[in-house]
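# following is a predicted model, sequence given first.
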Amino acid sequence: MEQMDKEELLTVNELAALLKCSKLTIYGLVARKKIPYKQPTRRLLRFRKSEIMAWIDGGQVSLEKPTISDKRKSKRIGITGTVNVREIVERAKKEILEA
């Protein structure tokens with residue numbers, strides 16, 4: 001993999017740990033394009049830490065109801081239930097501020 005730049009890149013596992021959520025939640029956010037990500041290859045996802053922090057700080061989270069199309073996509077990739085994005089973001093903010 002080419003290095004995108006010298007900025008810290010997070011894996012799905014690292015981001016899930018940072019946000020205190022499951023990998024499945026991360027994949028769901030990516031599938032619905034609700035979180036900034038990079039996909040250097042077809043099967044590889046990376047997240048710039050600075051973009052994630054800006055996403056959390058800026059409240060760049062869309063809390064709109066999922067459309068029927070979104071629900072179908074979620075079923076195709078195996079996501080069940082709803083993802084409470086607001087809760088994930090608030091938990092991450094709290095963890096970052098306490099660190």
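Received the coordinates, thanks.
# what residue ranges in this structure score low on pLDDT?
Where the chain drops to pLDDT under 70, the residues are 1-6, 59-84, 99.
# helices of that one, start to end?
For the chain, the helices defined by DSSP state H cover 12-19, 23-31, 49-57, 68-76, 85-98.
# now those as a markdown table including distance to Pro40?
Glycine gets a C-beta too; all of them are placed from N, C-alpha and C. Formatted as a markdown table, those follow (distance: least, CB to CB, whole Å):
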| stretch | distance to Pro40 |
| --- | --- |
| helix 12-19 | 13 |
| helix 23-31 | 14 |
| helix 49-57 | 15 |
| helix 68-76 | 22 |
| helix 85-98 | 24 |
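# give me whichever of those is most buried.
A comparison of the helices of the chain by mean neighbour count, using mean count of other CB atoms under 10 Å, puts helix 23-31 on top with a mean of 19.
# send the alpha carbons of it over as CSV?
What follows is the C-alpha trace of helix 23-31 in CSV, where atoms were taken according to Å, rounded to 0.1, in the frame of the first residue of the first chain:
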residue,chain,number,x,y,z
LYS,A,23,-16.4,-2.8,13.4
LEU,A,24,-19.9,-3.5,12.0
THR,A,25,-20.9,0.0,13.0
ILE,A,26,-17.9,1.5,11.2
TYR,A,27,-18.7,-0.5,8.0
GLY,A,28,-22.3,0.7,8.2
LEU,A,29,-21.2,4.3,8.5
VAL,A,30,-18.9,3.9,5.5
ALA,A,31,-21.6,2.1,3.5
